[in-house]
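*Asks:* What follows is a predicted structure for the sequence shown.
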Amino acid sequence: MVLITGASTGLGLALVRELVRSEKYHVIATARRSSLPRFEKIGIFDDENLWIRPMNVLKKSDRDRIIKEANEKLGGIDVLVNNAGYCLRGVVEQVNETERLKQIDTNFRAPMALVRSVLPNMRKKRSGHIINISSVSGMMAMPTMSIYSASKFALEGATEALWYEVRPWKIKVSLIQPGFINSDSFKNVELTRESRKSIQDKNNPYYYHYNSMAPFIAKMMRFSPSTPEKIAEKIHKVIICDNPPLRVPVTIDALIFGLIRKLLPRKIYHMLMYYSLPKVYRWGEDEHYYMDAEYALKEDQKLLEGNKSNPKLLEAGPSENKKHEWNRADAI
C-alpha cells in the first residue's frame, strides 16, 4: 500500500500513473480538495486499487483521517511518499514571517507529521519505506530561494537522522533529489509580497537578483531532459529495491552538483558557484541606482531647456518628448 501526497500534478501524478500501471500496489493518491477534479479531467478515477482522497497536508484532521482509513481497511501504510510541497522565491530580506512559516510548514513540518503517523504501524510490522521528495536545493542553496532551500535542508537533516533511528526495525528511508525538471508544475514558483515588487522595480536593490535568476532557472527547466515520468520510474525502482540508498539524485544536474560539492574544497566550491551566477556582476549596484536617477533628472532638464526654443514640442507633451530620450531598458 503506497500513500502519495501532492498527487494531482507533476511528479506526484506521474508516480501515481507509474505505480497503478504496474498493477502491484494499492495506491492512495491525495491532493487538496480543490485539486481533485484534475484526476477526472485526465481520465483517472477511484477504484479498488486506487483511492483518490482529499487531504491538505497542513491539516492534522485530514492527515489523521487518511491514516486511520488505511490502517483499518488496508492494514496500514507500507510506503509513504511525501511529495506535496511548493517553492517560494524571495531573498532573505524579503520574506516575512507568515511566508516563512508557510514554506517550512508545507515542505518540512507536514512531511514529518505524516512520518510520525505511519511509523508505529511500520515498527509493529518491522517493515516499511519512507520516501521524502527533497531537491537539489536540499544539498546546495540558491540565491532568491533561501527559505525553500531552508525547508529542504531541514527535510534532509531530519530524514538522515530518521535513517539511523528506524533501521533496527528494517524500515527503509530514502531522499529523492531532483534538480531541474521539464514540467509546468515545477515552473509555478510563488513570489513573496516584497519580491513581486522588486522584480518590477529597477531601482530596487534586488532587481538584478530576481531578473537574472528567474530566466536562468526557467531556461534550465525548459531544456532539462528530465521529465516527471522518467523520475517516477526511478522512484519505482527505489521502492522495489531491497536496500535503497539514503540519497538518490534523480536528474543529471543533481548528480553533477553533488559531485562538485563533494570533491571541491569548500572555498573554491562557493567561489565557483558565485561567479557562475547569471549577471552576478550587476548585483549590488547601489551606486548604479543613484546614478540612474541623477541621469534621468539631467536628461529631463536638458529636454525642458531645449523645448523652450521649440513650441511644438512643448505643445506635444511628455509622450512625444519621450521619443527623443534614450531607452536605457533596451540598452541593458
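*Replies:* Yes, it's here.
*Asks:* Pull the distance from stretch 252-272 to the chain's centre.
*Replies:* 20 Å (CA atoms, centre = their mean, to the nearest Å).
*Asks:* Need the distance between the two termini of it.
*Replies:* Stretch 252-272 has an end-to-end distance of 19 Å (criterion: CA to CA, to the nearest Å).
*Asks:* swap in stretch 218-232?
*Replies:* Terminal residues of stretch 218-232 lie 21 Å apart, using CA to CA.
*Asks:* And the strands in the stretch 151-300 of the chain?
*Replies:* Read by DSSP state E, counting those that start in this stretch, the stretch 151-300 of the chain holds these strands, from start to end of the chain: 172-177, 190-191, 247-249.
*Asks:* Any chance of those strands in JSON lines with mean neighbour count as columns?
*Replies:* (Glycine included, C-beta is placed from N, CA and C.) Conversion of those to JSON lines gives the following (neighbours: other CB atoms under 10 Å):
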{"stretch": "strand 172-177", "mean neighbour count": "23"}
{"stretch": "strand 190-191", "mean neighbour count": "16"}
{"stretch": "strand 247-249", "mean neighbour count": "20"}
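*Asks:* will you turn those strands into JSON lines that also has mean pLDDT and distance to V20?
*Replies:* Supplementary listing: these in JSON lines, determined by pLDDT from 0 to 100; distance: least, CB to CB, whole Å:
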{"stretch": "strand 172-177", "mean pLDDT": "98", "distance to V20": "19"}
{"stretch": "strand 190-191", "mean pLDDT": "94", "distance to V20": "30"}
{"stretch": "strand 247-249", "mean pLDDT": "96", "distance to V20": "22"}
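*Asks:* so what's N204 up against?
*Replies:* For N204, the set of contacting residues under the criterion of CB atoms under 8 Å, 6 or more residues apart in numbering consists of 197-198.
*Asks:* how far away is it from V95?
*Replies:* N204 sits 15 Å away from V95, going by CB to CB, to the nearest Å.
*Asks:* counting contacts, what elements does the host helix or strand of A70 pack onto?
*Replies:* For A70, the element it lies in under DSSP states H and E is helix 60-74. Helix 60-74 sits against strand 27-31, strand 50-54, helix 110-125, with contacts defined as 3 or more CB pairs under 8 Å, 6 or more residues apart in numbering; DSSP states H and E.
*Asks:* where does the stretch 51-200 of the chain dip in pLDDT?
*Replies:* Applying pLDDT under 70 to the stretch 51-200 of the chain picks out residues 185-187.
*Asks:* Number of residues surrounding the closest residue to I171 other than its chain neighbours?
*Replies:* By the measure of CB to CB, 6 or more residues apart in numbering, the closest residue to I171 outside its immediate chain neighbours is G128, 4.6 Å from it. Other residues near G128 come to 22 when the count uses other CB atoms under 10 Å.
*Asks:* Just to check, G128 is in contact with S174?
*Replies:* No: the pair G128 / S174 is not scored as a contact, 11.6 Å apart, by CB atoms under 8 Å.
*Asks:* on that earlier part again, now the strands of the stretch 151-300 of the chain as TSV including distance to S146?
*Replies:* Below are the strands of the stretch 151-300 of the chain laid out as TSV (distance: least, CB to CB, whole Å):
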stretch	distance to S146
strand 172-177	19
strand 190-191	13
strand 247-249	22
